[in-house]
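Asker: Here's a sequence, model it:
(chains A, B, C and D, ligands or ions: 2)
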Amino acid sequence: MPFVATVNVMLKDGIADPQGQTIERALPALGFSGVADVRVGKRIRLAVDAADEQEAREQVQQMCERLLSNPVIESYEVTLES
Amino acid sequence: MPFVATVNVMLKDGIADPQGQTIERALPALGFSGVADVRVGKRIRLAVDAADEQEAREQVQQMCERLLSNPVIESYEVTLES
Amino acid sequence: MTITASLHRDLGLTDDEFEQICERLGRDPSYTELAMFSVMWSEHCSYKSSRIHLKKLPTEGAHILVGPGEGAGIIEVAPGVSVAWKAESHNHPSFVEPFNGAATGVGGIVRDILSMGARPIALMDPLRFGPLDDARTRYLVDGVVHGISSYGNSIGVPTVGGEAVFEDCYAENNLVNVACLGVIEHKLMHGRAEGPGNIAILIGSSTGRDGIGGASVLASAEFDETSDEKRPSVQVGDPFSEKLLIEACLELIRDDLIVGLQDLGAGGISCPTSEMTSKAGTGMRVNIDNVHRREPGMEPFEVMISESQERMLVVVEPRHVDAVLAVCTKWEIEANAIGEIVASDRVEIISEGAVVADVPAHALAEEGPVYTRPLARPSWIDELQASPSGDTAPASLESAFMAVLSSPNVASKRWIWEQYDHMIFLGTLLGPGGDAAVIRLPGTEVRVAITCDGPGRYCYLDPYEGARLAVAEAARNVACVGATPLAITNCLNFGNPEKEDVMWQFSETIRGMSDACLRLGTPVTGGNVSFYNETKGRAIYPTPVIGMLGSVPAEAQVRGLAFPTEDEAIVLVGTTDPADFGGSEYAKVVNGTVGGRPPHLDLDKEAALIAFLAHANGSITSSHDLSGGGLCIALTESAIAGGKGFTLDAAGDHTALFSESPSRAIVTCPKNLVGDVIAIAERAGTTALTIGTVGGAELDFGAFSVPLEAAMSAFEGALPNTLSSNIQ
Amino acid sequence: MSTKVGIVVFPGSNCEQDCAKVFGEMGAEPVMVWHADDALPDVDIVVLPGGFAHGDYLRTGALARFSPIMSAVQRHAESGGLTIGICNGFQVLCEAGMLPGALRKNAGLKFLCKWVDLEVVDADSPFTSRATQGQVLRIPINHFEGNWYCEDSVLQGLQERGQILLRYADNPNGSLAAVAGIMNEDKTVFGLMPHPERACEAVLGSEDGRLILGSMIDHVSAKAGV
Ligand SMILES: Nc1ncnc2c1ncn2[C@@H]1O[C@H](COP(=O)(O)OP(=O)(O)O)[C@@H](O)[C@H]1O
Ligand SMILES: [Mg+2]
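Answerer: Ligands and ions are numbered 1, 2, ... in the order given. This next block holds a predicted model:
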């Protein structure tokens, strides 16, 4: 059974995010005020084949733990559609 | 009124995604089978202050056009929570 | 799909060219054939407007092993040691999408070098943008530099120098030129499909709809409001695949497994299949079902002209096919046999069992249209040359000096080159920040010098003089670091060739380049022409960028521009003409003028200076040529680089300090050697004069004095202060 | 009997030849090791060179740590053999869990190729013995992701056990505690962002890199001598 998984990987709270900070610094110059807490992460979409949703989720979580995220600095969340 | 905006930026279909392809090619060797169509994009979270949801959305869309995404090769979607 | 009457026009072919195609074929072309002709006969691939002029360039020389016409020129820099040297432009793509446009520009020139069997070992990036006060321009600068950095660094080729010039005329048409130096590692290769029965193997990235029509649409049509619609043809670079492609190809050559190879650039698969066969007098039968693809449902014509990056075509004897595939497997890149060399003279394209194209290779590759475009000296050039050169004296010499020093064209380019790996290969003896880069070739003690120069303002005022000045400055720059100028590549950036004045600028440029190259003994080994750098009728300055290659004699010392020791004498070599202000940095920055005539160049005096710099090698401790900003800027650059101030003996006025007379350099030497140095200069046929002493923490110009610290922060701060904190 | 140095080549590595040249000039015997092999040849020192293994796609070092050779590298370290990860090699070692922490994008969000001054925090290690504590080394950096981070508790442990060997004199990338190079607890694995192999020849600007690479060679010879 084919599933489409979406994985969002963000830096953990409390870990400085240079990309976010740079965007935040750049926005006022472009005329955007009142913007704060900019955080930049990754969004990964992939198709997995699994017996059922349960198995698909486990597969993708495995991938996140071992590969798609770095637990030292990043947290992740997984959503599935079939 | 404070809002939290989430912006998902992905490469437009048809635009090559070498990163996604490389990850996809590597996965079997790492013991992950049955994975296809890997696409890697960006996820940006930020806090905006606006009079109402309408205005917040317009602001963030502007930011996407001008800074957060590269309209030439990327498409984006915005979701808002207050 | 059927041919509609106007289809060829949509593909950028004229009615006349369409007629010629029908003639060559003896019938109407198929859609696929028409697409193939449209890319191969585009300005970008066929040089139809420039050919008759390029033929006039001097290309012969004892040390030139391969001249124009192949992937890159080949120069023997020492007995048995040969290098490839070539420049390319990626102007239009980089304006549409700066990061990927610049990145794929690097990828393209690197594959040109690789196609000769050379390992790419150094890059240079001559860049032109509009003024930095514009936000879009800052975005372009940041994107282009980041694109070059991410691609060049990743494939492990150092970027050791370049140019960064900011002028109004480039605001809507930035120039992204890239030059690459390679060294023949195992043997010189040629892009020839020899031997019927041999197999054509496509290696590298899969083929998608990237840059469909790129060559004919993106690179060969003037910009206008509709250029937004051209955006889908943006190509994305994959430096990782390029790195694997480099290693795989060099291993194939090392193990003698291939007969020939060529890169796929503009024109996609159409290009090597027709050019390699046309050169070898063979034909090729190609089954495009075997082309590995990224996207489903691609039409044959899309496969034939797709400009997907990081691909090469290699021709292999049947007995070596398995070995070739094995090497590609080892390097983890895809490879598929897509064709067979045949005894005919035709390129035959087969898709799903049907012949979708059957074209004489020569017609595609060599028989493209050749135009003798009308040209005429524009009337505005007389008014321009009659207008003031902008040499009037400043209110304050000191503020004029600070203004010129912090002008983005003069100021330090560190913000750019610190983003580039300029050290890998452990051969960068002189990196960015000097007059030329000096590279020690891997595994040898052979040292070559490279630099790029293209003074657009001079060329605008007088394309003939400007082109001579460009070659002279490039030669001077390599001579300053201790090298002998050997040969040039070039990148000729111009407006719309269908306009008489642009074509005149082009022909004058060729004439000037030829004269200078002949006199200085530096033949042209190849290059690139980029036309249509024009938006809404406004063309860029004619901008010939000269890439000069020199070799440092085995016994010679490599020399930097930094003042090395306190109390040494500063000697000015060459004569200063107080009238040389046309197109100068001073005229632009202080008087807001670009007019008059460019500085007067006497090629004999330039040759004399170059001879002096060679003969004085043992006596002088540093040397730096005088160029943009004149004497005061050259002195300041050497002071900042050495961390030492100076004191001039006499207070010069603005003509002494800012004139941009060519054929000059400042050198330093121990005071007791001044006599010898002056004698060497006079014997070489130029003049020399002691003008001051190295030392202290002040830049003491006599008429005024500036703390070294203050000059340094103005010089180093200009770019970062405007370009700081960009998004990547 | 000269020191044998195994240099691991990942697809996308690009400093392997430079490392081989320098170790060779220092009297060691370099051999290239392909990442897909699952065993190391008989070597005393393992080098994970700089470059862009697997294009640095996803995260620097994220894919490389899964290469078959990495488990052999782990065993090499566990059995007391020395391993050095330079730049991209350091990133791989962190991803593989052989060294603590992770490397984020530079604070300035720019790739940086420049000479930096490094303070030798601890000279009592197989990787810094030729230097003296507090000595300042001039060695270039060349990276976009050199901004090292770890949790406070981990940092404390590293400081107490003297595992931080090199600090930036003028922190160029935002690294926590200006850390430029760290060693594992067993003193067998060393990772650093700067490129010592680029600082082994006067004409290139410095010879300080020899102090680091040479220390490793000394350590091996000393062990062999015993
Ligand atoms: N885009 C660039 N990339 C890398 N290096 C650059 C770039 N632009 C300028 N440089 C370097 O900055 C130094 C000064 O450049 P330039 O003023 O053009 O030198 P010159 O006047 O001697 O031709 C040179 O060493 C050049 O290589
Ligand atoms: Mg110069």
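Asker: Could you quantify the relative orientation of the strand ranked longest in chain A and strand B:35-49 as an angle?
Answerer: In chain A, taking DSSP state E as the definition, the longest strand is strand A:35-49. Strand A:35-49 runs at 160 degrees relative to strand B:35-49, counting by axes from the mean of the first three to the mean of the last three CA atoms, to 10 degrees.
Asker: quick one: is the helix or strand following strand A:35-49 near chain D?
Answerer: Next helix or strand after strand A:35-49 toward the C-terminus (DSSP states H and E): helix A:53-63. No: Helix A:53-63 lies out of reach of chain D by CB under 8 Å from any CB of the partner chain, never closer than 10.8 Å. For glycine as for every other residue, the C-beta is placed from the backbone atoms N, C-alpha and C.
Asker: With just CA atoms, put the longest strand of chain A into CSV.
Answerer: Extracted C-alpha coordinates of strand A:35-49, given in CSV (Å, rounded to 0.1, in the frame of the first residue of the first chain):
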residue,chain,number,x,y,z
VAL,A,35,7.9,39.9,12.9
ALA,A,36,9.6,37.7,15.5
ASP,A,37,10.8,34.2,16.4
VAL,A,38,11.7,33.2,12.8
ARG,A,39,12.8,29.6,12.7
VAL,A,40,13.9,27.8,9.5
GLY,A,41,13.7,24.1,9.1
LYS,A,42,13.4,21.3,6.5
ARG,A,43,10.3,19.8,5.0
ILE,A,44,10.8,16.4,3.4
ARG,A,45,8.1,14.6,1.3
LEU,A,46,8.5,11.0,0.3
ALA,A,47,6.5,8.0,-0.9
VAL,A,48,6.7,4.8,1.1
ASP,A,49,5.3,1.4,0.4
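Asker: helices or strands next to it in the packing?
Answerer: strand A:2-11, helix A:18-29, helix A:53-63, strand B:2-11, strand B:35-49 (3 or more CB pairs under 8 Å, 6 or more residues apart in numbering or on different chains; DSSP states H and E).
Asker: Apply 10 Å and report the result again.
Answerer: strand A:2-11, helix A:18-29, helix A:53-63, strand A:74-81, strand B:2-11, helix B:18-26, strand B:35-49, helix B:53-63 (3 or more CB pairs under 10 Å, 6 or more residues apart in numbering or on different chains; DSSP states H and E).
Asker: now, of those, which is deepest in the fold?
Answerer: Mean neighbour counts were compared across these using mean count of other CB atoms under 10 Å in any protein chain shown; the top stretch is helix B:18-26, at a mean of 21.
Asker: Now that helix: average pLDDT?
Answerer: Over the span of helix B:18-26, the pLDDT mean works out to 90.
Asker: angle of it against strand A:35-49?
Answerer: Using the same axes, to 10 degrees: helix B:18-26 against strand A:35-49 is 40 degrees.
Asker: Whether helix B:18-26 contacts chain A - can you check?
Answerer: Yes: where contact is defined by CB under 10 Å from any CB of the partner chain, part of helix B:18-26 touches chain A, namely B:19-20, B:23-24, B:26.
Asker: got the end-to-end distance for stretch C:662-671?
Answerer: In stretch C:662-671, first residue to last residue: 26 Å (CA to CA, to the nearest Å).
Asker: Could you list the buried residues of it?
Answerer: Using 16 or more other CB atoms under 10 Å in any protein chain shown as the test for burial, stretch C:662-671 gives C:662-669.
Asker: rewinding a little: neighbouring strands - and their directions - for the longest strand of chain A?
Answerer: Next to strand A:35-49 in the sheet, as set by DSSP bridges, lie strand A:2-11 (antiparallel), strand B:35-49 (antiparallel).
Asker: Distance to D:Leu93 and mean pLDDT for the ones you listed - can I get that in TSV?
Answerer: Shown next, in TSV, are those (distance: least, CB to CB, whole Å; pLDDT from 0 to 100):
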stretch	distance to D:Leu93	mean pLDDT
strand A:2-11	21	96
strand B:35-49	24	95
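Asker: beta partners of the one residue in chain D that gets nearest to ligand 1?
Answerer: Closest residue of chain D to ligand 1, CB to the nearest ligand atom: D:Cys113 (11.0 Å). Beta-bridge partners of D:Cys113, counted by DSSP bridges, are D:Asn142.
Asker: What of D:Ile84?
Answerer: Under the criterion used (DSSP bridges), D:Ile84 bridges to D:Val47, D:Phe190.
Asker: I'd like the distance from it to C:Cys45, if you could.
Answerer: With the distance defined as CB to CB, to the nearest Å, D:Ile84 ends up 48 Å from C:Cys45.
Asker: okay, these two: which has more neighbours?
Answerer: D:Ile84 (26 against 23; other CB atoms under 10 Å in any protein chain shown).
Asker: residues contacting that one?
Answerer: D:5, D:19, D:45-49, D:90, D:93, D:126-127, D:181, D:183, D:189-192, D:196, D:212-213, D:216 (CB atoms under 10 Å, 6 or more residues apart in numbering or on different chains).
Asker: Tell me the spacing between it and D:Ala102.
Answerer: Distance, D:Ile84 to D:Ala102, using CB to CB: 19 Å.
Asker: returning to what we had before: just the residues of helix B:18-26 next to chain A that are near chain C?
Answerer: Residues of these in contact with chain C (CB under 10 Å from any CB): B:19, B:26.
Asker: Relative to C:Leu699, which of the residues of helix B:18-26 next to chain A is nearest.
Answerer: Closest to C:Leu699 out of those is B:Gln19 (48.9 Å), distances taken as CB to CB.
Asker: pretty sure that closest one is in contact with B:Val40, am I right?
Answerer: Yes: at 4.8 Å, B:Gln19 counts as touching B:Val40 under the criterion of CB atoms under 10 Å.
Asker: which residues are common contacts for the two?
Answerer: Residues within reach of B:Gln19 and of B:Val40 at once, by CB under 10 Å, 6+ apart, are A:42, A:44, B:11, D:57-58.
Asker: burial count for C:Glu43?
Answerer: Neighbours of C:Glu43 (other CB under 10 Å): 24.
Asker: Quick check, it in contact with C:Ser49.
Answerer: Yes: contact criterion CB under 10 Å: C:Glu43 and C:Ser49 qualify, at 6.1 Å.
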